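**Student:** Quick one, structure for this:
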Amino acid sequence: MIQAGDIVKNFTLDDQDGHSVHLADFAGKPVILFFYPRADTPGCTIEACGFRDTFKKLQAAGAVVLGISRDTVKAQKKFQEKYDLPYTLLADPDMAICKYFDVIKPKNMYGKMVTGVERTTFVIGPDRRLLHVFPKVKPEGHAEEVLQLLKR
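**Tutor:** Next up is the predicted model:
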(Lines give C-alpha, C1' and ligand atoms only; values in the text may rest on other atoms or scores of the structure.)
Protein backbone atom coordinates (compact mmCIF):
# COMPACT_ATOMS: atom_id res chain seq x y z
CA MET A 1 0.00 0.00 0.00
CA ILE A 2 1.20 3.50 -0.82
CA GLN A 3 2.08 5.54 2.27
CA ALA A 4 2.93 9.14 3.14
CA GLY A 5 6.41 9.91 1.81
CA ASP A 6 6.15 7.55 -1.18
CA ILE A 7 6.37 8.83 -4.74
CA VAL A 8 3.02 8.37 -6.49
CA LYS A 9 3.42 6.76 -9.90
CA ASN A 10 2.17 8.67 -12.90
CA PHE A 11 -1.18 7.38 -14.11
CA THR A 12 -3.59 8.18 -16.91
CA LEU A 13 -7.39 8.08 -16.78
CA ASP A 14 -10.15 9.62 -18.88
CA ASP A 15 -11.96 12.62 -17.46
CA GLN A 16 -15.68 13.39 -17.66
CA ASP A 17 -15.20 14.63 -21.25
CA GLY A 18 -13.30 11.54 -22.41
CA HIS A 19 -9.91 13.32 -22.45
CA SER A 20 -6.82 11.57 -21.10
CA VAL A 21 -5.54 13.12 -17.88
CA HIS A 22 -2.09 12.26 -16.51
CA LEU A 23 -1.03 12.88 -12.92
CA ALA A 24 2.21 14.28 -14.40
CA ASP A 25 0.13 17.07 -16.01
CA PHE A 26 0.01 18.70 -12.57
CA ALA A 27 3.74 18.64 -11.73
CA GLY A 28 4.67 21.52 -9.47
CA LYS A 29 1.21 21.72 -7.84
CA PRO A 30 -0.31 19.87 -4.91
CA VAL A 31 -3.05 17.47 -6.01
CA ILE A 32 -6.08 16.52 -3.95
CA LEU A 33 -7.19 13.12 -5.20
CA PHE A 34 -10.46 12.09 -3.59
CA PHE A 35 -11.91 8.64 -4.19
CA TYR A 36 -15.65 8.20 -3.80
CA PRO A 37 -17.82 5.08 -4.18
CA ARG A 38 -20.36 6.18 -6.80
CA ALA A 39 -21.43 9.33 -8.61
CA ASP A 40 -24.73 10.92 -7.63
CA THR A 41 -25.27 8.94 -4.42
CA PRO A 42 -26.03 10.82 -1.18
CA GLY A 43 -22.64 10.72 0.59
CA CYS A 44 -20.69 11.20 -2.63
CA THR A 45 -22.82 14.19 -3.56
CA ILE A 46 -22.22 15.80 -0.14
CA GLU A 47 -18.47 15.26 -0.50
CA ALA A 48 -18.29 16.43 -4.13
CA CYS A 49 -20.34 19.55 -3.39
CA GLY A 50 -18.10 20.29 -0.40
CA PHE A 51 -15.11 20.35 -2.76
CA ARG A 52 -17.17 22.49 -5.16
CA ASP A 53 -17.99 25.00 -2.42
CA THR A 54 -14.35 25.13 -1.24
CA PHE A 55 -12.86 25.02 -4.74
CA LYS A 56 -11.82 28.68 -5.03
CA LYS A 57 -10.00 28.51 -1.67
CA LEU A 58 -8.27 25.27 -2.69
CA GLN A 59 -7.25 26.87 -6.00
CA ALA A 60 -5.94 29.92 -4.12
CA ALA A 61 -3.79 27.50 -2.10
CA GLY A 62 -2.37 26.31 -5.45
CA ALA A 63 -4.05 22.91 -5.37
CA VAL A 64 -5.63 20.85 -8.13
CA VAL A 65 -8.76 18.86 -7.23
CA LEU A 66 -9.44 15.50 -8.89
CA GLY A 67 -12.39 13.27 -8.00
CA ILE A 68 -12.16 9.60 -8.95
CA SER A 69 -14.57 6.65 -8.87
CA ARG A 70 -15.34 3.42 -10.70
CA ASP A 71 -18.02 5.21 -12.71
CA THR A 72 -17.95 5.54 -16.48
CA VAL A 73 -17.00 8.74 -18.31
CA LYS A 74 -20.69 9.28 -19.10
CA ALA A 75 -21.74 8.93 -15.44
CA GLN A 76 -18.98 11.32 -14.35
CA LYS A 77 -20.13 13.90 -16.92
CA LYS A 78 -23.73 13.65 -15.75
CA PHE A 79 -22.64 14.02 -12.10
CA GLN A 80 -20.43 17.02 -12.91
CA GLU A 81 -23.17 18.81 -14.83
CA LYS A 82 -25.95 18.06 -12.34
CA TYR A 83 -24.03 19.60 -9.41
CA ASP A 84 -21.96 22.18 -11.34
CA LEU A 85 -18.67 20.66 -10.17
CA PRO A 86 -15.81 22.95 -11.31
CA TYR A 87 -13.03 20.35 -11.10
CA THR A 88 -12.06 17.24 -13.04
CA LEU A 89 -13.71 13.87 -12.41
CA LEU A 90 -11.78 10.78 -13.47
CA ALA A 91 -13.35 7.50 -14.55
CA ASP A 92 -11.68 4.28 -13.34
CA PRO A 93 -14.19 1.58 -14.39
CA ASP A 94 -11.54 -1.17 -14.44
CA MET A 95 -10.38 -0.06 -10.96
CA ALA A 96 -6.67 -0.04 -11.86
CA ILE A 97 -5.96 3.21 -10.01
CA CYS A 98 -8.39 2.35 -7.19
CA LYS A 99 -6.37 -0.83 -6.67
CA TYR A 100 -3.03 1.02 -6.85
CA PHE A 101 -4.21 3.34 -4.06
CA ASP A 102 -5.68 0.35 -2.18
CA VAL A 103 -9.16 1.84 -1.78
CA ILE A 104 -11.09 -1.27 -2.86
CA LYS A 105 -12.31 -2.76 0.41
CA PRO A 106 -14.91 -5.24 1.63
CA LYS A 107 -18.06 -3.46 2.83
CA ASN A 108 -21.23 -4.57 4.56
CA MET A 109 -24.21 -3.41 2.52
CA TYR A 110 -27.57 -4.25 4.05
CA GLY A 111 -26.09 -7.33 5.71
CA LYS A 112 -24.35 -8.55 2.56
CA MET A 113 -20.59 -8.36 2.07
CA VAL A 114 -19.62 -6.54 -1.13
CA THR A 115 -16.44 -5.00 -2.47
CA GLY A 116 -16.37 -1.28 -3.14
CA VAL A 117 -14.44 1.96 -2.97
CA GLU A 118 -13.69 3.19 0.54
CA ARG A 119 -14.03 6.97 0.61
CA THR A 120 -10.40 8.12 0.87
CA THR A 121 -8.52 11.31 0.01
CA PHE A 122 -4.84 11.55 -0.90
CA VAL A 123 -2.92 14.83 -0.86
CA ILE A 124 -0.01 14.59 -3.28
CA GLY A 125 2.80 17.15 -3.17
CA PRO A 126 4.14 19.16 -6.12
CA ASP A 127 6.92 16.55 -6.50
CA ARG A 128 4.38 13.65 -6.63
CA ARG A 129 5.33 12.63 -3.08
CA LEU A 130 2.32 11.51 -1.04
CA LEU A 131 1.91 14.04 1.76
CA HIS A 132 -1.20 12.84 3.59
CA VAL A 133 -3.94 10.21 3.50
CA PHE A 134 -7.45 10.77 4.86
CA PRO A 135 -8.89 7.25 5.27
CA LYS A 136 -12.57 6.43 5.83
CA VAL A 137 -13.63 9.99 5.07
CA LYS A 138 -16.85 11.41 6.47
CA PRO A 139 -18.33 13.55 3.65
CA GLU A 140 -19.57 16.47 5.76
CA GLY A 141 -16.88 19.12 6.18
CA HIS A 142 -14.15 17.06 4.54
CA ALA A 143 -13.15 19.65 1.93
CA GLU A 144 -12.53 22.21 4.69
CA GLU A 145 -10.42 19.62 6.53
CA VAL A 146 -8.27 19.21 3.40
CA LEU A 147 -8.00 22.99 3.01
CA GLN A 148 -6.74 23.31 6.60
CA LEU A 149 -4.06 20.71 5.86
CA LEU A 150 -2.93 22.67 2.80
CA LYS A 151 -2.70 25.88 4.79
CA ARG A 152 -0.26 24.27 7.28
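
**Student:** pretty sure R119 is touching Y36, no?
**Tutor:** Yes. R119 lies in contact with Y36 (CB atoms under 8 Å); the separation is 5.7 Å. (Glycine included, C-beta is placed from N, CA and C.)

**Student:** Which neighbours do the two have in common?
**Tutor:** Here R119 and Y36 have 43-44, 47 as joint contacts, going by CB atoms under 8 Å, 6 or more residues apart in numbering.

**Student:** among these, who's most crowded?
**Tutor:** Of all the shared contacts of R119 and Y36, the highest neighbour tally under other CB atoms under 10 Å goes to E47, namely 25 neighbours.

**Student:** Check whether it really touches F134, as I assumed.
**Tutor:** No. Between E47 and F134 there is no contact under CB under 8 Å: 10.9 Å.

**Student:** any common contacting residues for the two?
**Tutor:** Contacts common to E47 and F134, judged by CB under 8 Å, 6+ apart, are H142.

**Student:** R119 and Y36: who's more crowded?
**Tutor:** Taking other CB under 10 Å, R119 and Y36 do not tie; Y36 has more neighbours (28 against 22).

**Student:** How about the more buried one: what's its closest non-neighbour residue?
**Tutor:** C44 (4.3 Å; CB to CB, 6 or more residues apart in numbering).

**Student:** list the contacts for that neighbour?
**Tutor:** C44 touches 36-38, 69, 119, 139, counting by CB under 8 Å, 6+ apart.

**Student:** Tell me the buried residues in the host helix or strand of it?
**Tutor:** Assigned by DSSP states H and E, C44 falls within helix 42-60. Using 16 or more other CB atoms under 10 Å as the burial criterion, the residues of helix 42-60 that qualify are 44-48, 50-52, 54-55, 58.

**Student:** Sweet, I'm off.
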